[in-house]
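Undergrad: Sequence plus predicted model, see below.
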Amino acid sequence: MTDLIAMGREARAAADVLAVTSAEKKNEALAAISRALLDHRQEILEANRLDAEEAERNGMRPAMLDRLKLDDKRLASIAAAVMKVAGLDDPVGDVMDEWDMYNGLHVRKVRVPMGVVGIIYESRPNVTVDAAVLCLKSGNAAFLRGGRETIRSNMALERVMRQALASVGLPEACVTLLHDTDHAVAREMMGMRDYIDVLIPRGSARLIRTVLENAKVPVIETGVGNCHVYVDKSADLQRAAEIILNAKAQRVSVCNAAETLLVHEDVADQFLPMAKKLLDTKNVELRGDARTRAVLGDCVKEATEEDYYTEYLDYILAVKVVSGVEEAVEHIRKYSTHHSEAILTNDRANADYFTSHIDSAALYVNASTRFTDGEEFGFGAEIGISTQKLHARGPMALRELCSYKYIVEGDGQIRQ
């Protein structure tokens, strides 16, 4: 039986060590992890092969299977990403603000680690490494629970990282993975308020909803991306077709992929066939409203209300023709998960209306939604994309994994 309390105590003790560990020592640990991932590539890839074979036997969809699989190239990319994190500035100890009070007290607002960061995620073994190294660099212990479909991969990655930590004199419990993937154990983890400071779910809408409904630990909601692209009547239509192809099909199994295309009625007859021609190269299935079906014919399935709410993570795109930017905004407000939305337009007033009236974490003008990513934003690897407003929003990287404290220095002052 999994002794979560003992694991929690060890993670808490490791977090206390990391909180006062120098940037140089943390970078030494990251370099050791990066080397170890490559040195143990055969062990990791063999574990991943067994996971992938079982997932395929169990009928996992190809797009989701792609998220699960590792190969030499992907593992090398993960190891390189670890070194990118090592090269980032250490946020711990940053003085965010400072001032002198009327009574001579000097106040500093200083960035500090959160402590123990719990992450619950699915199907992507790279998250095991991303989460661990981001937590490590920001002075936090990582307490991880991956999906059962990648348990062999995750256990191999944890074993390699813990050995690397021990080799530089840091506690192995800086990275802790639950080996028991039973849902009851995950629910027990969600209640560990005495040991886990914040919980971050990464995965399906169902996973995130389960965590939100059951966690006693504070939660940062991430991940669900029902993302929209609106093509305005003033848009460069050829460029817009290329952008929607990228936003939808460059990689379909990620949260910043577009799920709904909205098109201004004045350009629908011209634009929809252009877009479909490109989307057909990736075999994207379209589900559209009556006007879309009138333009493109029966090859487009009739869209249901549920289609406009759905994060497909597949080669499926919902389509709707709208009367203008106001209706596009109204549609997005109703169906969006507040992740990423784009407007393609040459009308500055419409771009400003779109960005001021929609409340999502990332808004794009004349660009693909696929850029909502910690590395693309220059943050290094990310822990996830926060779709809420407290305490972080958008790509969550090192600074977002920190809190702060006030250090007040005086010379004998007492309050009158």
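TA: Right, received. Where do you want to start?

Undergrad: Report all helices and strands that the lowest-mean-pLDDT helix or strand in the chain contacts.
TA: In the chain, the helix or strand scored least confidently by mean pLDDT, DSSP states H and E is helix 62-68, which has a mean of 86. Under the contact criterion of 3 or more Cβ pairs under 8 Å, 6 or more residues apart in numbering; DSSP states H and E, helix 62-68 touches helix 41-57. For the C-beta atoms, the positions are set from N, CA and C on the backbone; glycine is no exception.

Undergrad: Contacts made by the helix it packs on with the rest, please.
TA: 37, 64-65, 68-72, 75, 125, 149-153, 155-157, 160 (Cβ atoms under 8 Å, 6 or more residues apart in numbering).

Undergrad: Of those, grab the buried ones for ChimeraX.
TA: Buried members of the contacts of helix 41-57, defined by 16 or more other Cβ atoms under 10 Å, are picked up in ChimeraX with:
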select :37,64,65,68,69,70,75,125,149,150,151,152,153,155,156,157,160
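
Undergrad: Following the chain past the least confident helix or strand of the chain, name the next helix or strand.
TA: Toward the C-terminus, helix 62-68 is succeeded by helix 72-86 as the next helix or strand (DSSP states H and E).

Undergrad: and whatever helix or strand comes next after that next one, what other elements does it pack with?
TA: As assigned by DSSP H and E, the chain's next helix or strand after helix 72-86 is strand 95-100. The contact analysis (3+ Cβ pairs under 8 Å, 6+ apart) places strand 95-100 against strand 106-113.

Undergrad: Specify the angle between the strand it packs on and strand 95-100 in degrees.
TA: 160 degrees (axes from the mean of the first three to the mean of the last three Cα atoms, to 10 degrees).

Undergrad: Could you point out the helix or strand that follows strand 106-113?
TA: strand 116-121.

Undergrad: what residues does that next one touch?
TA: 8, 11-12, 15, 127, 131, 135, 140-147, 186, 189-190, 192, 195-203, 207, 211, 217, 383, 401.

Undergrad: among those, which are in helices?
TA: Mapping the contacts of strand 116-121 onto helices (DSSP state H) picks out 8, 11-12, 15, 127, 131, 135, 186, 189-190, 207, 211.

Undergrad: Using pLDDT, spot the least trustworthy of those.
TA: Confidence by pLDDT is poorest for L207 among these, given 89.

Undergrad: For V365, give the beta-bridge partners.
TA: I343 (DSSP bridges).

Undergrad: separation between it and V325?
TA: Distance, V365 to V325, by Cβ to Cβ, to the nearest Å: 12 Å.

Undergrad: joint contacts of the two?
TA: Common neighbours of V365 and V325 (Cβ under 8 Å, 6+ apart) are 343, 345, 354.

Undergrad: Now render these as CSV, adding pLDDT and distance to E306.
TA: Below are those laid out as CSV (pLDDT from 0 to 100; distance: Cβ to Cβ, whole Å):
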residue, pLDDT, distance to E306
I343, 98, 25
T345, 98, 29
F354, 98, 25
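
Undergrad: out of these, who has the most neighbours?
TA: I343 (28 neighbours; other Cβ atoms under 10 Å).

Undergrad: show me where the stretch 101-250 of the chain has strands.
TA: For the stretch 101-250 of the chain, strands defined by DSSP state E, counting those that start in this stretch occupy the ranges 106-113, 116-121, 141-145, 175-177, 198-202, 227-231.

Undergrad: Make CSV out of these and add distance to F271.
TA: Converted to CSV, the strands of the stretch 101-250 of the chain look like this (distance: least, Cβ to Cβ, whole Å):
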stretch, distance to F271
strand 106-113, 47
strand 116-121, 37
strand 141-145, 44
strand 175-177, 48
strand 198-202, 35
strand 227-231, 6
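
Undergrad: quick one: which of those strands is nearest Q388?
TA: Of all the strands of the stretch 101-250 of the chain, it is strand 198-202 that lies closest to Q388, at 11.0 Å by Cβ to Cβ.

Undergrad: same question for the host helix or strand of L286, mean pLDDT?
TA: Applying DSSP H and E as the criterion places L286 in strand 285-288. The average pLDDT within strand 285-288 is 98.

Undergrad: Any buried residues in the helix or strand just after that strand, and which?
TA: Once the chain leaves strand 285-288, the next helix or strand it forms, by DSSP H and E, is helix 290-296. For helix 290-296, burial by neighbour count (16+ other Cβ under 10 Å) applies to 291-293, 295-296.

Undergrad: and what of stretch 365-378?
TA: For stretch 365-378, by 16+ other Cβ under 10 Å, it's 366, 368-374.

Undergrad: Tell me the one of those nearest V224?
TA: With Cβ to Cβ as the yardstick, the closest approach to V224 among the buried residues of stretch 365-378 comes from T372, at 12.7 Å.

Undergrad: picking that back up, closest to L177 among the buried residues of helix 290-296?
TA: T292 (45.8 Å).

Undergrad: Kindly check the end-to-end length of stretch 214-231 for me.
TA: 39 Å (Cα to Cα, to the nearest Å).

Undergrad: which sections of the chain are below the confidence cut-off?
TA: 1 (pLDDT under 70).

Undergrad: What residue spans form the domains of it?
TA: Taking automatic domain parsing as the criterion, the chain consists of the domains 4-222+383-409, 227-371.

Undergrad: Skipping adjacent residues, who's closest to the residue nearest the centre of the chain in space?
TA: Residue closest to the average C-alpha location in the chain (Cα atoms, centre = their mean): G384, at 2.3 Å. Distances taken as Cβ to Cβ, 6 or more residues apart in numbering place T222 nearest to G384, at 3.5 Å, with adjacent residues excluded.

Undergrad: likewise T292?
TA: V319 (4.7 Å).
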